[in-house]
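Asks: the sequence isn't on hand, but the structure is:
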């Protein structure tokens, strides 16, 4: 059994809390630890189909891997290890970089100890014995790392035939003109294109899958609204009964959450403004297969 290697940094805690929560919800809903969007082509957008959509996402992503039987792959921001498990099943050697202890534990369990797992952020990752990889994989993790670090560092970690594979959300030009917070996230696609030129990265493949993943936003909004409806009904019941729990929860909510956080949460729970159409307007979800200049 291979061990989890811990590389402590000051950024680990702040970067990983949201991912830990997402992991808990993912396992509760789908029984798996996928932390990425789904591809919904041909699927009804329901919670029951989320796992199928996420499996379709991974299957599509693997189409962009080099056609080699056994590769050394660095799964950067590998979440709970679901993608790594599938890569291991295909005969590849996989190292995983994750920022939190909970993700590291889950990844170890999911991969049955068959992957080396590094609990750190990519910025601080140092490969063992100057190891080089066939693939540096960013599956919805690229957006969390400054591009001036991620692109040259990934390039330096590759062997002579290696590639960088990115599948992630990027902000479109329309995002800059918006005065309100919009669904989606990631780096600016314009800045990404500039960085590719700056670091002399050759684009082998570029595939826009925005329309295929966008329904994930509709499902997310429906889920938040369902929780919102539950909260409304419970609050109404407790208030009518003059239950002290209602007043304690209300006080705690205002005490522990800042006004901006409360407004954002309430918007997600009780409004229906986050839609797939808005996502497609303000984002580009793109797969990049890149080759560094020295290769």
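Replies: Alright, I've got the coordinates. These numbers come from a predicted model, not from an experiment.
Asks: report how many residues lie close to residue 99.
Replies: 26 (other C-beta atoms under 10 Å). For the C-beta atoms, the positions are set from N, CA and C on the backbone; glycine is no exception.
Asks: show me where the stretch 101-250 of the chain has its helices.
Replies: 101-110, 147-156, 173-177, 189-198, 210-213, 215-240, 244-256 (DSSP state H, counting those that start in this stretch).
Asks: ranking the ones you listed by burial, who's on top?
Replies: Each of these was scored by mean neighbour count; the highest is helix 101-110, a mean of 21, by mean count of other C-beta atoms under 10 Å.
Asks: and it, how far out from the chain middle?
Replies: Shown here is helix 101-110, whose average C-alpha point lies 16 Å from the average C-alpha point of the whole chain (C-alpha atoms, centre = their mean, to the nearest Å).
Asks: what is it packed up against?
Replies: For helix 101-110, the elements it packs on are strand 4-6, helix 12-30, helix 82-89, strand 93-98, strand 116-119, judged by 3 or more C-beta pairs under 8 Å, 6 or more residues apart in numbering; DSSP states H and E.
Asks: thinking again about what came up before, can you say which of the helices of the stretch 101-250 of the chain is nearest to residue 124?
Replies: helix 147-156 (10.2 Å; C-beta to C-beta).
Asks: distance check, residue 266 against residue 147.
Replies: When C-beta to C-beta, to the nearest Å is applied, the distance between residue 266 and residue 147 equals 33 Å.
Asks: can you count the residues close to residue 58?
Replies: 18.
Asks: pLDDT weak spots in the stretch 101-250 of the chain?
Replies: 176-180, 246-247 (pLDDT under 70).
Asks: how about 90 then?
Replies: By pLDDT under 90, the weakly predicted segments of the stretch 101-250 of the chain are 101-103, 106, 128-129, 173-185, 220-250.
Asks: element containing the residue lying closest to residue 53 once chain neighbours are set aside, please.
Replies: The spatially closest residue to residue 53, leaving aside those adjacent along the chain, is residue 38, at 2.5 Å (C-beta to C-beta, 6 or more residues apart in numbering). Remark: residue 38 resides in no helix or strand, with elements defined by DSSP states H and E.
Asks: is residue 38 in contact with residue 60, as I believe?
Replies: No - under the criterion of C-beta atoms under 8 Å, residue 38 makes no contact with residue 60, lying 10.3 Å away.
Asks: give me the more crowded residue out of the two.
Replies: Per other C-beta under 10 Å, whichever of residue 38 and residue 60 has more neighbours is residue 38, with 24 against 17.
Asks: quickly note the distance from that one to residue 56.
Replies: Using C-beta to C-beta, one gets 7 Å for the distance from residue 38 to residue 56.
Asks: what's the overlap in contacts for these two?
Replies: Between them, residue 38 and residue 56 share no contacting residue under C-beta atoms under 8 Å, 6 or more residues apart in numbering.
Asks: and residue 108, how far is that from residue 76?
Replies: Taken as C-beta to C-beta, the span from residue 108 to residue 76 is 17 Å.
Asks: for the top strand by length along the chain, packing partners?
Replies: Of all the elements of type strand in the chain, the one with the most residues (DSSP state E) is strand 158-171. Contact analysis of strand 158-171 by 3+ C-beta pairs under 8 Å, 6+ apart lists helix 50-62, strand 133-139, helix 147-156, helix 189-198, strand 283-291 as its packing neighbours.
Asks: those: which one's closest to residue 237?
Replies: Closest approach to residue 237 among the helices and strands packed on strand 158-171 is made by helix 50-62 (29.8 Å; C-beta to C-beta).
Asks: how about that closest one: buried residues?
Replies: Counting neighbours by 16 or more other C-beta atoms under 10 Å, one finds that the buried residues in helix 50-62 are 50, 51, 52, 53, 54, 55, 56, 57, 58, 60, 61.
Asks: for that helix, enumerate the helices and strands it packs against.
Replies: Using 3+ C-beta pairs under 8 Å, 6+ apart as the contact definition, the elements that helix 50-62 packs against are helix 12-30, helix 82-89, strand 158-171, helix 215-240.
Asks: so what are the sheet partners of the very next helix or strand once past it and their directions?
Replies: In the C-terminal direction, the helix or strand that comes right after helix 50-62 (DSSP H and E) is strand 72-76. Under the criterion DSSP bridges, strand 72-76 sits next to strand 93-98 (parallel), strand 133-139 (parallel) in its sheet.
Asks: name the nearest residue to residue 254, sequence neighbours excluded.
Replies: Take residue 254 and drop its neighbours on the chain: the residue closest to it by C-beta to C-beta, 6+ apart is residue 262, 7.4 Å away.
Asks: please apply the same query to residue 216.
Replies: residue 37 (4.4 Å).
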